[in-house]
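J.: Predicted model follows, preceded by the sequence.
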Amino acid sequence: MDRRELAEFLRSRRARVRPEDVGLENGPRRRTPGLRREEVARLAGMSVDYYIRLEQARGPRPSRQILGALARALRLTDAERDHLHHLAGEAPLPSTGPPQDVPAGILHLLDRLDDTPAFVIDAKYDVLAMNPMAAALFGESSRTIPRELNPMRRFFLHPAASRICVDGEYGLFARASAADLRAATARYPDDPGVAELVRELRAGSDLFARLWEEHEVAVQTSNVKTFRHPVVGPIELHCDVLEVPERDQRVVLYTAAPGTPAHEALKLLRVVGTQEMTEGRALQDTPP
């Protein structure tokens, strides 16, 4: 373990992360750029004293779990995560699954889309990042993204999924996403997360199980989706999917034409933000 190099690396990465990048307020009392040490500790789920000792080159050797938490808190790239492991005297685990770090340019794009719900998903549809408008649409916090926010889990495990007409709006999404996930299983045959998602959906959704047995392979494309929001009501939005090929990720954008009821609903959503969004979890009667 190279304590001195590890300490300097942690300090340099901490200074690079803006508070707003991780959902924190950038108040006027900050005297230096980047996160405070206590903020990194909180984001990584460790004690402040332990993190301070790491930055002072006098801490104990961190475990793989701690290193992974630090990599997520500091938004390290895959190369930086591997470097962090090497400095701590740990061999980095080989990557067998979809990349989890979102390019900085994509994160900045999400920040600028202040009137458009937008989020980033990986090959197994896990949400890696989202802007406040997407958080308001889904009734979530953009700071912490729960496992259940995976669009395929929300869709296929929703109580109404069994009543879906396979030829309708939701049926088209169901068929395309199942085919998309099958393609992901071939790209990541050893990833436990992909395998777990397939097992969970096959066990919990008769609709997914039927579609899975058809062995269709495809990539999810643009479509139209209707949301039933507990505050602003039904919203029919156009869904566009932008590929991030070097990371095997996608940016999902929800838009509406100016002057339409959906556009007015988005304007209202921008005003109310995530207030009063806890009841109903954004979608009530039909899957997202």
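T.: Looks like it arrived, so ask away. Numbering: from 1, shown residues only.
J.: any low-confidence regions in the stretch 101-250 of the chain?
T.: 140-147, 162, 164-169, 219-222 (pLDDT under 70).
J.: which stretches of it form strands?
T.: 118-121, 127-130, 223-229, 233-244, 249-255 (DSSP state E, counting those that start in this stretch).
J.: Comparing those, which comes out most buried?
T.: Highest mean neighbour count among these (mean count of other CB atoms under 10 Å): strand 118-121, with a mean of 24. Bear in mind the C-beta positions are built from the backbone N, C-alpha and C, glycine included.
J.: With Arg75 as the reference, measure out to Pro189.
T.: 28 Å (CB to CB, to the nearest Å).
J.: ah, wrong one, I meant Ala69
T.: For Ala69, the distance to Arg75 - CB to CB - is 12 Å.
J.: circling back to that earlier point, the more surrounded of Pro189 and Arg75?
T.: Arg75 (19 against 10; other CB atoms under 10 Å).
J.: where does the more buried one fall, helix, sheet strand or coil?
T.: Look at Arg75: counting by DSSP: H, G, I helix; E, B strand; the rest coil, its state is coil.
J.: now the helices for the stretch 51-200 of the chain?
T.: Taking DSSP state H, counting those that start in this stretch, the helices of the stretch 51-200 of the chain run over residues 64-73, 78-87, 104-112, 132-138, 151-156, 169-187, 192-204.
J.: and the fifth one, what other elements does it pack with?
T.: In terms of contacts (3 or more CB pairs under 8 Å, 6 or more residues apart in numbering; DSSP states H and E), helix 151-156 is packed against helix 169-187, helix 192-204.
J.: Run through who's touching that helix.
T.: Applying CB atoms under 8 Å, 6 or more residues apart in numbering, the contact partners of helix 151-156 are 121, 124-125, 127, 147-148, 161, 170, 173-174, 177, 181, 197, 200-201, 204-205, 207-208, 283, 287-288.
J.: Whichever of the residues you listed count as buried, I'd like them selected in ChimeraX; how would that read?
T.: Here is the ChimeraX selection string for the buried members of the contacts of helix 151-156, based on 16 or more other CB atoms under 10 Å:
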select :121,124,125,127,161,170,173,174,177,181,197,200,201,205,207,208,283,287,288
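J.: what's near enough to touch the most far-flung residue of the chain relative to its centre?
T.: The centre of the chain is farthest from one residue, Arg58, which by CA atoms, centre = their mean lies 33.9 Å away. Residues near Arg58 by CB under 8 Å, 6+ apart: Arg3.
J.: Could you tell me the per-residue confidence at it?
T.: Turning to Arg58, the model gives it a pLDDT of 88.
J.: same deal with Arg61?
T.: 87.
J.: pretty sure it is touching Asp2, no?
T.: No. Counting by CB atoms under 8 Å, Arg61 stays clear of Asp2, with 10.8 Å between them.
J.: So for these two, which residues contact both of them?
T.: Gly89.
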